[in-house]
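In: Everything below, folded, please.
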Amino acid sequence: MLVVMLLFSFSVCLNAQTNDHSKEDYKLIIFSDFCYEQFFGNEKISSDCISDTISRTISILMVAFAIMNQLPQIHKIWKSQSIQGISFNAYYTELYLLSFITAYNLYKQTKFILYGENAIVGLEYSIVLCLFIFYDKNLNFNQWLFKAVFFILINTPLYIGLGPQWIFDMTIYINMSLLFMARFLQIRLNCQNRNTGQLSLLTQLQNYAGSIARLFTLFNDNADFSYMLYVLEDNIMGTILLVQIINTWRAERNKNKISYDKSDQSTCEEIKYDQI
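Out: Next up is the predicted model:
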């Protein structure tokens, strides 16, 4: 699956370069010709140029730093050698989501900087799913391989142009359902376990901050409205997960504090007056 996702990400980058029909050239990566003259010339800087430059800068940074998204989660799993509290089905479902949203944006010929992080994060999700082979005793290799092959068979037609047009038109709505399903599976598992296990707070914070920033860039670029709704849903579900992790962290901190206080109190009671 990891090799396939590497090839998948590479093909996405190539397709993005051919499908991005933006007629506007950029200087210093983030400045359009018009805005460059305003920022570095004698012209008055307009609010549109400021917002466009900020939006493009955020988009480029999101794509560039997407590689850091799942590294805290991967490191935490590797360090603890445990996937306790992490839902395989949630990650697997969200991998479909990332692939479908990439295919949808390629179909809509959206600028690569407005969705490129999805391809990169999808690669990282596949690494997390590979770790389940080593640390999940309930998942055997044949089950994992079946899911990997099924993923490839479902997604390949979307990237080689074999799928009918109505599938691409429905992709964003399928993604909304997949997003809800993936996040619901993880939220439900957290509620059942009454903790968030090996879920990384840093990774969830990055996801939350990234979804907020992406929503801003989409509004600024007048992107597809359905895609905006999808990102808004991502914000809402991400907020719930973040609250769960913070509540778990607070509960564990209070529990450790109470245990420490009781231990300290029992130690003091054992001290005799003649020892003072």
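In: buried stuff in the helix or strand harbouring residue 73?
Out: For residue 73, the enclosing helix or strand under DSSP states H and E is helix 71-80. Using 16 or more other Cβ atoms under 10 Å as the test for burial, helix 71-80 gives 72-74, 76-77. Yep, even glycine has a C-beta here, placed from its N, CA and C like the rest.
In: And the furthest pair within those?
Out: Spanning the widest gap among the buried residues of helix 71-80 are 72 and 77, at 9.8 Å by Cβ to Cβ.
In: before we move on, the earlier item: of the buried residues of helix 71-80, closest to residue 90?
Out: residue 73 (12.2 Å).
In: Enumerate every residue touching the closest one.
Out: Contact partners of residue 73, counting by Cβ atoms under 8 Å, 6 or more residues apart in numbering, are 128, 198-200, 203.
In: any idea how far the residue nearest to residue 125 when sequence neighbours are not counted lies from residue 118?
Out: Distance criterion Cβ to Cβ, 6 or more residues apart in numbering; nearest residue to residue 125, sequence neighbours excluded, is residue 95 at 4.8 Å. As defined by Cβ to Cβ, to the nearest Å, residue 95 lies at a distance of 10 Å from residue 118.
In: Then residue 152?
Out: Counting by Cβ to Cβ, the gap from residue 152 to residue 118 is 17 Å.
In: And for residue 140?
Out: Counting by Cβ to Cβ - residue 140 and residue 118 are separated by 30 Å.
In: These two: which is more packed in?
Out: Neighbour comparison, residue 140 and residue 118: the larger count goes to residue 118, with 22 against 10 (by other Cβ atoms under 10 Å).
In: wait, is that one part of a strand?
Out: No: counting by DSSP: H, G, I helix; E, B strand; the rest coil, residue 118 falls outside a strand, being helix.
In: Enumerate every residue touching it.
Out: Contacts of residue 118 (Cβ under 8 Å, 6+ apart): 98, 101-102, 105.
In: Nearest residue to residue 154 in space, please, no chain neighbours.
Out: residue 96 (7.3 Å).
In: and the one you found, helix, strand or coil?
Out: helix.
In: Output the below-cut-off pLDDT ranges for the stretch 151-276 of the chain.
Out: By pLDDT under 70, the weakly predicted segments of the stretch 151-276 of the chain are 258-276.
In: Check the spacing between the spatially most central residue of the chain and residue 91 real quick.
Out: For the chain, the residue nearest the mean C-alpha position is residue 207 (4.9 Å; Cα atoms, centre = their mean). Per Cβ to Cβ, residue 207 is found 13 Å from residue 91.
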